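Peer 1: pasting the sequence and the predicted model now:
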Amino acid sequence: MTRALTLALDASTHAGTAALLAGAEELAASEVAMRNVGRETLLPAIVELLRTSGVTLENVARIACGSGPGSFTGLRIAASIAKAFAFGDGAGRIPFYGVSSLLLIVAGNDLARRPGRYVAVLDALRGDVYTEAFEVDEQCAIGEIDGMSVQPRANIEAYAARFGARLVGPDQAGHLTPHARGVARVQMLIDAGGPADLATWEPNYGRPAEAQVRWEQAHGRPLYTR
């Protein structure tokens, strides 16, 4: 393998995905269940993806990881795997990039080839959803038109209507989920943000996990302090 390769992964929903990319070309991809399986499935799938592609981490030029929002547990698993690969021998050898998991709903599916406006939606629990609005132009370039926010689920149709956009996500028509292959279609957006600092990067959980909320309510103080 002589081309610069990207290893991409995302686990923001019930599905964990991985893709091996050469620029905008998808060389291989994998998808595994992340819930109710009794064991960790994403790492073995990535190892198998690399093995069957004849690739080692020495061939990988960069790593991209879905940064959320989404499932707290899934995001932690994907982040831990991605950062461990990027650290390599401890010197931070492989550049590491975070990418919005909401963006990967649009970029990781056929929407990326269909010009239009889309509001990507993921469940935020407690009657809310995470949203982010994007536009796919006539050249199939994807740009953000409104940043990530938390919206009451009851309001999302009106929110999408503000932008003349279609709602897309696991709970919407088509049941589209984020997929790591979408990194191939948003290289310029990812590059514009630059590589992340491995020592400090964390996923964007969107809001505290349910367990954290219950703990803080019971104890009357924040679980974490900076």
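Peer 2: Thanks, I have it.
Peer 1: rounded mean pLDDT for the longest helix seen in the chain, please.
Peer 2: Of all the segments of type helix in the chain, defined by DSSP state H, the longest one is helix 72-87. Mean pLDDT, computed over helix 72-87, is 95.
Peer 1: ok, stretch 5-18 next?
Peer 2: The average of the pLDDT scores along stretch 5-18 is 97.
Peer 1: repeat that for stretch 139-153.
Peer 2: On average, stretch 139-153 scores 95.
Peer 1: in it, which residues are buried?
Peer 2: Of the residues in stretch 139-153, 142, 146, 148, 151 count as buried by neighbour count, 16 or more other CB atoms under 10 Å. The C-beta positions use only the backbone N, C-alpha and C, and glycine is treated the same way.
Peer 1: any chance you could list what contacts stretch 41-55?
Peer 2: For stretch 41-55, contacts defined as CB atoms under 8 Å, 6 or more residues apart in numbering pick out 1, 5, 7, 9, 11, 16, 18, 20, 27-34, 56-57, 77-78, 81.
Peer 1: ok, now with 6 Å
Peer 2: Residues outside stretch 41-55 that contact it (CB atoms under 6 Å, 6 or more residues apart in numbering): 1, 11, 16, 18, 20, 28, 30, 32, 77, 81.
Peer 1: ok, now stretch 115-125?
Peer 2: If you take CB under 6 Å, 6+ apart as the criterion, stretch 115-125 is touched by 70, 102, 105-106, 111, 129-138, 150, 160, 163-169, 206.
Peer 1: buried ones from those, can you make that a PyMOL selection?
Peer 2: The following PyMOL command selects only the buried members of these, with burial defined by 16+ other CB under 10 Å:
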select buried, resi 70+102+105+106+111+129+130+131+132+133+134+135+136+160+165+166+167+168+169+206
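Peer 1: circling back to that earlier point, show residues contacting the longest helix of the chain.
Peer 2: Under the criterion CB under 6 Å, 6+ apart, residues 9, 11-12, 34, 42-43, 63, 65, 68, 94, 96, 198, 203, 205, 209 lie in contact with helix 72-87.
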